[in-house]
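Undergrad: take this sequence and fold it.
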Amino acid sequence: MLTSVIENERTRRSVLQQCEKIKTELDDLMENHPMYDDDKDIMLKIDYLVKLSLFLEEEIQLIGTSIKALKERIETPEIYIALGSLSDSEFNRAYASLKQNPNRQIRNELDQSSQNCDDYFCSSKRLLESFMNNKVGPSPPSYNTAASVRKASDSAPSRPPRSFWKKF
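TA: Model prediction:
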């Protein structure tokens, strides 16, 4: 679950960066591209509209990605608030360590970022740490596995039971 949460936060941050980049490029396009009302420069209008449509298509894709990421955030908002408090460099270090070893704990990244936190962020940090500390052990055998083991032991040749006193 923690891997999914960190991937989701990375997606959200990436979408925000790409939106800012597109906004800057779109502003440049609108400022620097001449747009006339007459039909003399129809090729300039076509060029402008083609470039504009490319920016809008990319923006639509980013909006779709953002919607998916935000829907996932609804399930555990406290964890996302704690991750949102990390600076970009702290988050990038946590993400890099997760990619190097997905099972490695990232508690140090969270401890460094939470030196000055209010009660809400501290409780979010504790919640995130509790998620990281809960290690899932081996699951119990399924009913079919247990039944097959029982059948195998039933079909094995068995010795007659010896009473406790005959052993001595």
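
Undergrad: helix or strand right after the helix or strand where I22 lies?
TA: Per DSSP states H and E: I22 is located in helix 2-32. Going down the chain from helix 2-32, the next helix or strand is helix 42-73, by DSSP H and E.

Undergrad: just to revisit the earlier point, report all helices and strands that the helix holding I22 contacts.
TA: When contacts are defined as 3 or more C-beta pairs under 8 Å, 6 or more residues apart in numbering; DSSP states H and E, helix 2-32 sits against helix 42-73, helix 77-84, helix 88-100, helix 119-133. (Each C-beta comes from the backbone N, C-alpha and C, glycine too.)

Undergrad: name the residues of the first one that are buried.
TA: Residues of helix 42-73 classed as buried under the neighbour-count rule (16 or more other C-beta atoms under 10 Å) are 45, 48, 58, 62, 66, 69, 72-73.

Undergrad: what angle separates that helix from helix 77-84?
TA: On the basis of axes from the mean of the first three to the mean of the last three C-alpha atoms, to 10 degrees, helix 42-73 is oriented at 120 degrees to helix 77-84.

Undergrad: the helices and strands packed on helix 2-32: which one's closest to L2?
TA: The closest of the helices and strands packed on helix 2-32 to L2 is helix 119-133. By C-beta to C-beta, the value is 5.9 Å.

Undergrad: avg pLDDT for the closest one?
TA: When pLDDT is averaged over helix 119-133, the result is 52.

Undergrad: also stretch 41-61?
TA: Mean predicted confidence for stretch 41-61 is 88.

Undergrad: can you check stretch 64-75 too?
TA: In this model, stretch 64-75 carries a mean pLDDT of 86.

Undergrad: what is the mean pLDDT for stretch 16-29?
TA: Averaging pLDDT along stretch 16-29 gives 90.

Undergrad: rewinding a little: give the buried residues for the helix holding I22.
TA: Neighbour-count burial for helix 2-32, with 16+ other C-beta under 10 Å as criterion, is recorded at 2, 5-6, 8-10, 12-13, 15, 18, 22, 26.

Undergrad: measure S87 to A94 for me?
TA: Using C-beta to C-beta, to the nearest Å, S87 is found at 11 Å from A94.

Undergrad: between these two, which one's more packed in?
TA: More crowded of S87 and A94, by other C-beta atoms under 10 Å: A94, with 21 against 10.
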